[in-house]
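J.: When you get a sec, could you give me coordinates for this:
(one chain, ligands or ions: 1)
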Amino acid sequence: MADEQAELERLRVEAATRATIERELIARFAVEDDALRASVARAEREGLPAIQISPLQGKLLQVLALAANARKILEIGALAGYSGTWLARGLAPGGKLITLEVSAKHAAVVRDTFAAAGVADRCEVRVGPALESLPTLASEAPFDLIFIDADKGAYPAYLDWAITLSRPGTIIVADNVIRFGKAFLTPPPDENAAGAAAYNAKLVAEPRLVSVAFPMDDDGMDGFAISVVRSTT
Ligand code: SAM
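T.: Purely as a prediction, here's the structure:
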């Protein structure tokens, strides 16, 4: 009993420390401005789920876009435009973000977010199931950065499309590839974990990519996979 109490206390302190570290990193490296905060508030007002990426993830996307000197960015899964705003802020001058969203209601919120953030001139939301929109993008490819953050079951198919729409050097980022560790169970316990597991397996086996994955979200229980396209053939 005493051991159990001690273990619970250790876990509580560990969780509190992780939360403090996250908060301090955000306060230093990923402070949300009015537009980003308004995007989260708008989503809540409109009844959208609060499943956007974290501020540090957003900042990482911006850093990656700037490092790639990205002129063309593709996002799969827009929600309310939170990650899209971070991405748009990483575009090179004259660049463009295309974001794919299945829900017309979400897309309307995204457009409001982009307008309020002052990035509507460089961002376009395309409404429809991503697997129907992706084949229409060939003439606008290659993209410099592609961010995958929609229905997890389709992640392996999104990866195939991402490579098709890439050039050597394109960065492909996917969110939610850990899923509280469920992506590492055999068999994965649900459809989302199965999608993430299949995505991870594809990344590791794919000779056209160099990839890494790591915990990165509010509590370190989920995370990003980041790949660089070595070759598209
Ligand atoms: N990237 C957003 C952010 O961080 O601000 C969060 C995206 S949210 C996790 C997933 C979004 O993908 C939802 O808005 C959902 O409607 C959309 N989505 C789900 N299935 C989709 C599909 N088949 N095609 C396009 N979008 C889809």
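J.: alpha carbons only for contacts and neighbour counts from here, please
T.: Fine.
J.: so which helix or strand takes in Thr20?
T.: helix 2-29 (DSSP states H and E).
J.: got it, and Glu124?
T.: Assigned by DSSP H and E, Glu124 belongs to strand 123-127.
J.: close to the ligand, is that strand?
T.: No. Judged by C-alpha under 6 Å from any ligand atom, strand 123-127 and the ligand are separated, with a smallest distance of 7.4 Å.
J.: re the thing from before, past the helix holding Thr20, which element shows up next along the chain?
T.: Immediately after helix 2-29, counting by DSSP H and E, sits helix 34-45.
J.: What is the helix or strand just after that next one packed up against?
T.: Heading C-terminal from helix 34-45, the first helix or strand you meet, by DSSP H and E, is helix 55-67. The contact analysis (3 or more C-alpha pairs under 8 Å, 6 or more residues apart in numbering; DSSP states H and E) places helix 55-67 against helix 2-29, helix 82-88.
J.: which of the residues in helix 55-67 are buried?
T.: Pro55, Leu56, Gln57, Gly58, Lys59, Leu60, Leu61, Gln62, Val63, Leu64, Ala65, Leu66 (16 or more other C-alpha atoms under 10 Å).
J.: now stretch 196-216
T.: Under 16+ other C-alpha under 10 Å, the buried positions of stretch 196-216 are 196-200, 202-203, 208-211, 213, 215-216.
J.: next one: stretch 127-146
T.: In stretch 127-146, counting by 16+ other C-alpha under 10 Å, buried: Val127, Pro129, Ala130, Leu134, Ala141, Pro142, Phe143, Asp144, Leu145, Ile146.
J.: Which positions in this structure make contact with the ligand?
T.: Residues of the chain lying near the ligand (C-alpha under 6 Å from any ligand atom): 51-53, 77-83, 100-103, 106, 129-130, 149-151.
J.: backbone phi and psi for the residue nearest to Val102 when sequence neighbours are not counted, please?
T.: Spatially, and ignoring its direct neighbours in sequence, Val102 is nearest to Gly128 (4.2 Å; C-alpha to C-alpha, 6 or more residues apart in numbering). Per-residue torsions, Gly128: phi 150, psi 170 (degrees, to the nearest 10).
J.: Now do the same contact list for Gly128.
T.: Residues in contact with Gly128 (C-alpha atoms under 8 Å, 6 or more residues apart in numbering) are Leu100, Glu101, Val102, Ser103, Ala104.
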